[in-house]
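Trainee: The following comprises the amino acid sequence and a computationally predicted model.
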Number of protein chains: 2
Amino acid sequence: MSSQIIKEITAANDDYRASFANGGLPLPPARKLAIVACMDARLDPARILGLQNGDAHVIRNAGGRSKDALRSIIISQQLLGTEEVLIIHHTDCGMLTFSDSQLHQILQERFNGNDVKDIDFLPFSDLQQSVRDDVEFLRASKVVSPKIRISGWIYEVETGRIRPVSN
Amino acid sequence: MSSQIIKEITAANDDYRASFANGGLPLPPARKLAIVACMDARLDPARILGLQNGDAHVIRNAGGRSKDALRSIIISQQLLGTEEVLIIHHTDCGMLTFSDSQLHQILQERFNGNDVKDIDFLPFSDLQQSVRDDVEFLRASKVVSPKIRISGWIYEVETGRIRPVSN
């Protein structure tokens, strides 16, 4: 099965590797940095922050929630030496548009059975507060060193700007 | 507290938004696509696949594990209409270098207490198998429609190439 998208991305990858020149980069991030950002299609952490290949771990999930990123953050810090975390949520986020119970009801209606009844989908109703909550979650974690610098940001999908929320 | 990195990324963002011209993109991904990829600093999904702003959800975690991405995938498919998933693991992955018990022991030694004893860090010992496992995990999920196209890939950090594992 080869979808149209697969034809397109493999063609794009042919172009990418024709000029590829970063084959010797080490595994640990050069700038000792980890980004936690939303999966949103309009938010590209590398482009908006000027990251180069090899600079930073980029962890992304629905909302950019730090609780959901904890497994990855522990690996990033304890095994690969990152020392700073930037948490980036954004304006017009889908997480502002539904509640946990609404999504569970949708799943119940669309599928004949539901094996994810216990999932917390981590939606939020206040964008700034969600950033603060996620910074605090990491600061309060027993497995994140107090030496790790953690800051929280909002990306404006309308303007391309990042603005600080919690530093 | 403003680290050197924060000065650098805010300066880079000033440059980005000076030429920003994508302010009117809609929330749902234009290509109805979701990527699940590793957080590795050398793997930039947008660059290696030729993605433009607004094209695709990008979910990233340590290893690019689909089990850890399920919350985000459900939101992507049920609320934002994506119809295809690409799972991308990569050569020289950190997940090949440790075991769950080793990392739990590191946490026990470095922190005075450990509130994440139940976390499965999802390491793997066989790169191709990990991709197949993650494709199968989604295909077997009761909350992923059989209409969703799911494929698995390995990105070669040495060459810039993606190669198919499971299509």
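Mentor: Nice, I can see it. For clarity, every value in this text was computed on a predicted model and none was experimentally measured.
Trainee: Can you tell me the centre-most residue of chain A?
Mentor: residue A:60 (2.1 Å; C-alpha atoms, centre = their mean).
Trainee: What separation do you get for that residue and residue B:167?
Mentor: 24 Å (C-beta to C-beta, to the nearest Å). Every C-beta, even on glycine, is put in place using the N, C-alpha and C of the backbone.
Trainee: Kindly report the same for residue A:22.
Mentor: Taking C-beta to C-beta, one finds residue A:22 at 26 Å from residue B:167.
Trainee: For my notes, confirm residue A:88 occurs in a strand.
Mentor: Yes. Under DSSP: H, G, I helix; E, B strand; the rest coil, residue A:88 sits within a strand.
Trainee: Tell me who's in contact with it.
Mentor: Listed by C-beta atoms under 8 Å, 6 or more residues apart in numbering or on different chains, the contact set of residue A:88 reads A:35, A:36, A:37, A:38, A:43, A:45, A:64, A:152, A:153, A:154, A:155, A:162.
Trainee: near chain B, from the residues you listed?
Mentor: When contact is defined as C-beta under 8 Å from any C-beta of the partner chain, the contacts of residue A:88 meet chain B at residue A:162.
Trainee: buried ones in stretch A:61-79?
Mentor: By 16 or more other C-beta atoms under 10 Å in any protein chain shown, the buried positions in stretch A:61-79 come out as A:61-66, A:68-79.
Trainee: got it, and stretch A:123-131?
Mentor: Quick answer for stretch A:123-131 (16+ other C-beta under 10 Å): A:123, A:124, A:127, A:130, A:131.
Trainee: From those residues, pick the one nearest chain B.
Mentor: Of all the buried residues of stretch A:123-131, chain B sits closest to residue A:123, with 8.6 Å by C-beta to the nearest C-beta.
Trainee: Contacts for stretch A:140-154, please.
Mentor: A:70, A:73-74, A:77-78, A:83-91, A:127-128, A:131-132, A:134-135, A:138-139, A:162-167, B:1, B:3, B:6, B:107, B:110-111, B:113-116.
Trainee: Strands - which of those residues land there?
Mentor: A:84, A:85, A:86, A:87, A:88, A:89, A:90, A:162, A:163, A:164, A:165, A:166 (DSSP state E).
Trainee: Could I get the contacting residues of residue A:60?
Mentor: A:36, A:37, A:38, A:39, A:45, B:58, B:59, B:60, B:61.
Trainee: Share the number of residues neighbouring the closest residue in space to residue A:163 that isn't next to it in sequence, please.
Mentor: Spatial nearest neighbour of residue A:163, excluding adjacent residues (C-beta to C-beta, 6 or more residues apart in numbering or on different chains): residue A:154 at 5.4 Å. Using other C-beta atoms under 10 Å in any protein chain shown, residue A:154 is surrounded by 20 other residues.
Trainee: ditto for residue A:159
Mentor: Around residue A:159 there are 12 residues (other C-beta under 10 Å).
Trainee: same question, residue A:108
Mentor: By other C-beta under 10 Å, neighbour count at residue A:108 equals 13.
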